[in-house]
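> need a structure here:
(one chain, ligands or ions: 1)
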Amino acid sequence: MASSYGYPFEQQHCLSISQFSRPDIETLLALGEYYLDLSVQKSPDNRILTGKTLVNLFFENSTRTQKSFEIAGRRLGADVINMEVANSSVKKGETLLDTAATLNAMNPDMLVVRHGSSGAQALLAQKVSGSVINAGDGMHEHPTQALLDALTIRRHFGKDFGGLRLAICGDITHSRVARSNVQLLNMLGCEVRLVGPPTLIPSDADRWGVEVYHNMEDGLEGCDVVMMLRLQLERMSGAFVPSKREYFHFYGLDRAKLAYAKPGAMVMHPGPMNRGVEIASSIADDPDVSLITHQVESGVAMRMGILHALSEAQDGVA
Ligand code: NCD
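Numbering: from 1, shown residues only. I've put the predicted structure just below:
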């Protein structure tokens, strides 16, 4: 197929939303959309990563992100290697940079990395010759999640993000998904709100270009999309909420709270979900209001699009 839709995509890595220009984002979303079609995903004509090696290096747990990259890489014809950090030399005390140097000597073309420290992938990118893709760094960024969320929104609401009002709700403080999504959705022209208890909204949120709300009723009013986030207990030292029951009462999404959003509003969640904590099962499982399964589907397509663009940039196909 033709190279990146006429626009020269020249980025070597995918580390953060802030590194991309608007045309970069449009190219990536167009490629993601191209791969949404399952027959295109599985077509032998699209094995553009044949002969390339993709290494998945996950220092934190993951189900959907790692599998999604694995499937995306394989569908594009890459050799995919999953490094199990639990069984690797990292457990014997090897540093991140030594692991990187070892991997680099094996010449992977794509290195998909999830790490608990913000900025770990940016450091790695300076040390390896292949493309580094950030699959989540600490509380900093998760750019491929934001791109797949934008693709999901575009699939449902169409290409004009300009008129959309979105609420991102819950544990914003510990969320790399929120940080990447706010940047991307702002760039695309959406009106973005953050909703959560004061303890879970970062103190600098007033500089993020969003409106902040501390109750769901006001925050959800007139919203087209309600994006729920998990309480990231593994990143909390001490308790940020009095109890999960109380949290659900005030901030958990149920029918009554969703009724404050616009008629026809859709619900998203990056997963993994804690049912009965931030979202009621009756909402999460209702295909009339939930886009959660679509997010997982869009995830594979979007990651194929990202790998495609990076691979073309490597090969100088612009
Ligand atoms: C998110 C993550 O890891 O940041 N999950 C994901 O990638 N699907 C959100 C979370 O863990 O709550």
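> So for the residue nearest to Met110 when sequence neighbours are not counted, what pLDDT did the model give?
Spatial nearest neighbour of Met110, excluding adjacent residues (C-beta to C-beta, 6 or more residues apart in numbering): Leu54 at 4.2 Å. Where you see a C-beta, it was placed from the backbone N, CA and C, and this is true even at glycine. Leu54 is assigned 98 on the pLDDT scale.
> Around the ligand, pick out the residues from the stretch 101-250 of the chain.
With C-beta under 6 Å from any ligand atom as the criterion, the stretch 101-250 of the chain comes near the ligand at residues Gly136, His142, Gln145, Arg176, Val177, Arg230, Gln232.
> hmm, which two among those are most spread apart?
Gln145 and Gln232 (13.7 Å; C-beta to C-beta).
> Have a look at the two and say which one is more surrounded.
For Gln145 versus Gln232, neighbours defined as other C-beta atoms under 10 Å are more numerous around Gln145 (27 against 17).
> Tell me if I'm right that that one and Thr65 touch.
Yes: the pair Gln145 and Thr65 qualifies as a contact (C-beta atoms under 8 Å) at a distance of 7.3 Å.
> Report the set of residues contacting both of these two.
The contact sets of Gln145 and Thr65 overlap at Gly136, Gly299 (C-beta atoms under 8 Å, 6 or more residues apart in numbering).
> about what we covered before: neighbouring contacts of the helix or strand harbouring the residue nearest to Met110?
Leu54 is part of strand 53-58, with elements assigned from DSSP states H and E. Applying C-beta under 8 Å, 6+ apart, the contact partners of strand 53-58 are 65-66, 69-70, 73, 78-83, 85, 99, 103, 106-114, 135, 307.
> before we move on, the earlier item: could you dump the residues of the stretch 101-250 of the chain next to the ligand to CSV with secondary structure and pLDDT?
What follows is those, written out as CSV (DSSP: H, G, I helix; E, B strand; the rest coil; pLDDT from 0 to 100):
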residue, secondary structure, pLDDT
Gly136, strand, 97
His142, coil, 98
Gln145, helix, 98
Arg176, helix, 98
Val177, helix, 98
Arg230, coil, 96
Gln232, coil, 90
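> and those residues as TSV, adding distance to Gln41?
TSV is the format used below for those (distance: C-beta to C-beta, whole Å):
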residue	distance to Gln41
Gly136	23
His142	22
Gln145	19
Arg176	27
Val177	24
Arg230	28
Gln232	31
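> of those residues, closest to the ligand?
Checking these against the ligand by C-beta to the nearest ligand atom gives Arg230 as the nearest, at 3.7 Å.
> how about the closest one, what does it touch?
Per C-beta under 8 Å, 6+ apart, neighbours of Arg230: Gly170, Asp171, His269, Pro270, Gly271, Pro272, Met273, Asn274, Val277, Glu278.
> Leu291 too?
Contacts for Leu291 (C-beta under 8 Å, 6+ apart) come out as Thr152, Ile153, His156, Met266, Val267, Met268.
> These in helices, which ones?
Judged by DSSP state H, the subset of those located in helices is Thr152, Ile153, His156.
> and those residues, which are buried?
Buried subset of the ones in helices among the contacts of Leu291 (neighbour count, 16 or more other C-beta atoms under 10 Å): Thr152, Ile153.
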